[in-house]
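**Student:** sequence first, then the predicted structure, then my questions.
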Amino acid sequence: MGTALIYDEEMTRYKLLWVDPACKIEVPERLTVSHEALIKNGLADRCVSVPVREATDADILLVHSEEYLEAVKKTPYMTLEDLKEFTLQYGDVYFHPNIYHCAKLAAGAALQLVDSVMTGKVRNGMALVRPPGHHSMSSAANGFCVFNNVAIAAQYAKQKYGLKRVLIVDWDVHHGQGVQYCFEDDPSVLYFSWHRYEHQKFWPQLRESDYDSVGKEKGAGFNINVPWNKVGMKNSDYLSVFCHVLLPVAYEFCPDLVLVCAGFDSAIGDPEGEMCASPDIFAHLTHLLMNLAGGKLCAVLEGGYNLTSLPQSVCQTVQTLLGDPAPRPANLDGPCESALESLHCVRSAHRQYWSCLKHAAKLPTFEISTKRVKLAEEEERLEKGDEEKSQEEQVWPEPPKRVTPPIRAALVLPNGVACPDGCESFGASEDADPVIVNKLRENFVKDADDCHALTTLSSLISLVEKMEKNEICSGLALVCDVSMAMMCVVQHAATALSKRLLVVCVGDTAVPSDDTENGKTVLVQFSSKESEEQKCKYYIPVCLKKGCSDASGFLQAVLGLLLPLGYEYDPSLVLLVRMPDSGVCDSVWQQLTGLLQGLAQGHTLVLMQEGEKERVAPTASALLGDAAPSLGQLHSPLPEDVEVLERLRHRLQGDWKLLQTTAPETG
Ligand SMILES: CC(O)(O)NCCCCNCCCN
Ligand SMILES: [Zn+2]
């Protein structure tokens, strides 16, 4: 299934008609440069074009009051003076004779997107709209927003499709208070937002935008606010919050649909956000959400005011929705202290609501609050100092071209095992390098005349070579001895390949720990066997009580340990090894295979035992980028597993900064 793109140039036909410094950044060009970039990069015509429609009164009344709708209906007939007058009652927003029409189209576009996804016409999609929506409230326009496009879409989806749970992810740099107010007592809609806050000094300066607004009554726990108390947040800060807050909770919540308030003013260069995250981070944020809700994801444009980073970020998002592998994340150096403090506060505020956070460190409230006050005062003084510091022009490299290899998935299968559609069957190329073959023979193939093993191994080696050259994206091999095949690839990668290898071993087996010494290989092993304590930074045994058979424990380990570590390590190849007795179930296996493709530009090589031929189809579908099946609502992970995870994170966070979840104790 494809990706929907919803855009109509009618939504460019309104603009600010008077002087208002607060609103001058919200210009029609935001939409035109974004759409033109999609066309220029050949992404628009890879999408399914879905037309906009006007939201009906009934649609709008799902969120807004009748008096507000009636008032807005009058604006097309107002004089300029009346429009100015009408605007005065709201904050940081402007009206225009054509904005009511455009606001109906923006909301209608979101609904068209929901229909396209829910009816299975497409898998996911993006709506390029203006005016944005997430600040508008039941009876008020605000922050350039007139109707709350995404809130209306959530109510519409619940009503029309009987959805039980909807996740709204708001990565815009402003707090979508309109969305929060709409759902704060509603446990069926989980609203997640990060936003520039600066201890309530940044617009809209609301007390209820802080991390302790967790929702009300039945909705307690279903509102997650991550305040950024400093500007300059980077890719590491964003990924940390996804891995340690949003994803664990989102998987536990198990939404039927994911809506994204896709604001790109959280990208570098934006005058509002003043953050430093690069546009390609949105490829990863999108990718990390694409295995929720069976891939049903609707992204609706909110903010984004830098006419260079906005189109770049839009293209990164749409290209990922189309299934293209994400670019390797630029050098991730760990979250900053302010971000860690916010992370700690949010996890602590939600401990009581989400079992994945149950063991999150508590907030020493007294100490943290006084520390925060001290910090804020300190910042106040600094702020005074650099009042005149204007926003220096930020520059950043053009996001890398994301070329998809001609072969998406290559499979090395024994005779008689069918190769699923979309995959290429891969055999040892005749020109297998004799030197390598001989070395294999010596090192790995026990009885030298076992030509079957030899051909399989040389197929593996040439497969790895072709992945290295980006001729093949991912691979899957059924081998007679998984451990031996793993050692062979590790050995080859360590010597022949110049880059880093991440080995993810699912299940018990002896692993080549000596090879992890050289820092070229990181090996993470999930098993139920306590392994002898390895002090090596590069061999990480994750011992789970029920091994990989307990979905929630295993998944929390993947989200809270493997992913952050994998992002920080930034391998050029991921080797995913499934041991015969791993006990991992198909849906968890597919989630893992899907999530890991956010690393190494999707270069994932899967090794499985020959006997597991019924695993070929589900694994191949994950390698082809199909969304993994939903895991269902996860029960609490076993306390022992959470304990193991916390201890591991604590032990490793000195070496792996993205594992941190609390600010280092300051002296
Ligand atoms: C959709 C959105 O979240 O991007 N709207 C942002 C509204 C910002 C209002 N304040 C502007 C002050 C000018 N420096
Ligand atoms: Zn914004």
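**Tutor:** Great, that's in hand. Keep in mind the model is a prediction, meaning the values are calculated, not measured. Ligands and ions are numbered 1, 2, ... in the order given.
**Student:** now A140: closest residue in space, sequence neighbours ignored.
**Tutor:** Of all residues not flanking A140 in the chain, Y90 sits nearest, at 5.7 Å (C-beta to C-beta, 6 or more residues apart in numbering). Any C-beta I mention is one placed from the backbone N, CA and C, and that applies to glycine too.
**Student:** how far away is G125 from P279?
**Tutor:** 19 Å (C-beta to C-beta, to the nearest Å).
**Student:** no, scratch that, I was asking about V417
**Tutor:** Distance from V417 to P279, by C-beta to C-beta: 41 Å.
**Student:** repeat that for L575.
**Tutor:** For L575, the distance to P279 equals 29 Å [C-beta to C-beta].
**Student:** with L457 instead?
**Tutor:** 41 Å.
**Student:** for the closest residue to P279 other than its chain neighbours, what is the enclosing helix or strand?
**Tutor:** Closest residue in space to P279, ignoring its immediate chain neighbours: Q312 at 3.8 Å, by C-beta to C-beta, 6+ apart. Assigned by DSSP states H and E, Q312 belongs to helix 309-321.
**Student:** next one: M484
**Tutor:** Element membership of M484, judged by DSSP H and E, is helix 482-495.
**Student:** can you pull the contacts of the nearest residue to D581 once chain neighbours are set aside?
**Tutor:** In space, and not counting its chain neighbours, D581 is closest to G507: 5.8 Å by C-beta to C-beta, 6+ apart. Neighbouring residues of G507 by C-beta atoms under 8 Å, 6 or more residues apart in numbering: F526, S527, G547, C548, V577, R578, M579, P580, D581, S582, G583, V584.
**Student:** kindly recompute the last result at 7 Å.
**Tutor:** S527, C548, R578, M579, D581, S582 (C-beta atoms under 7 Å, 6 or more residues apart in numbering).
**Student:** tell me the domain ranges of the protein?
**Tutor:** Using automatic domain parsing, the domain parsing of the chain gives 2-14+24-322, 408-659.
**Student:** of all these, which lies closest to ligand 2?
**Tutor:** Closest to ligand 2 of the domains of the chain, according to C-beta to the ion: domain 2-14+24-322, at 2.8 Å.
**Student:** what about that closest one and ligand 1, touching?
**Tutor:** Yes: judged by C-beta under 6 Å from any ligand atom, domain 2-14+24-322 and ligand 1 are in contact via 92, 132, 135, 143-145, 172, 174, 203, 263, 265, 272, 302-303.
**Student:** okay, now the residue nearest to A140: neighbour count?
**Tutor:** 18 (other C-beta atoms under 10 Å).
**Student:** torsion angles phi and psi at the closest residue to E471 other than its chain neighbours?
**Tutor:** Nearest non-adjacent residue to E471, counting by C-beta to C-beta, 6+ apart: P405, 5.7 Å away. Main-chain torsions, P405, degrees, to the nearest 10: phi -60, psi 150.
**Student:** for C473, see how far away P405 is.
**Tutor:** 4 Å.
**Student:** neighbour count winner among those two?
**Tutor:** With neighbours defined as other C-beta under 10 Å, P405 and C473 compare such that C473 has more, 25 against 19.
**Student:** what's the pLDDT at the more buried one?
**Tutor:** At C473, the pLDDT value in this model is 97.
**Student:** continuing past the helix or strand of the chain with the lowest mean pLDDT, what's the next helix or strand?
**Tutor:** Here the helix or strand of the chain ranked lowest by mean pLDDT, DSSP states H and E is helix 365-385, holding a mean of 61. Counting by DSSP H and E, the next helix or strand C-terminal to helix 365-385 is strand 407-412.
**Student:** please name the nearest non-neighbouring residue to S266.
**Tutor:** If the residues on either side of it in the chain are set aside, S266 comes closest to V173, at 4.0 Å by C-beta to C-beta, 6+ apart.
**Student:** test my guess that that neighbour contacts A262.
**Tutor:** No: look at V173 against A262 with C-beta atoms under 7 Å: they stay out of range, at 11.7 Å.
**Student:** with distance to ligand 2 added, can I get the domains of the chain in JSON lines?
**Tutor:** Compiled in JSON lines, the domains of the chain are given as follows (distance: least, C-beta to the ion, whole Å):
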{"stretch": "domain 2-14+24-322", "distance to ligand 2": "3"}
{"stretch": "domain 408-659", "distance to ligand 2": "25"}
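**Student:** burial-wise, tell me which of those comes out on top.
**Tutor:** Among the domains of the chain, domain 2-14+24-322 has the highest mean neighbour count (mean count of other C-beta atoms under 10 Å), at a mean of 22.
**Student:** picking up where we left off before, confidence score at the residue nearest to S266?
**Tutor:** Looking at V173, its pLDDT stands at 98.
**Student:** what's the helix or strand for the closest residue to G273 other than its chain neighbours?
**Tutor:** In this structure, G273 finds its nearest non-sequential neighbour in V173, 3.5 Å apart by C-beta to C-beta, 6+ apart. Per DSSP H and E, V173 falls between elements, in no helix or strand.
**Student:** show me what contacts V173?
**Tutor:** Contact analysis of V173 by C-beta under 7 Å, 6+ apart lists H195, R196, G263, D265, S266, D270, E272, G273, M275, G303.
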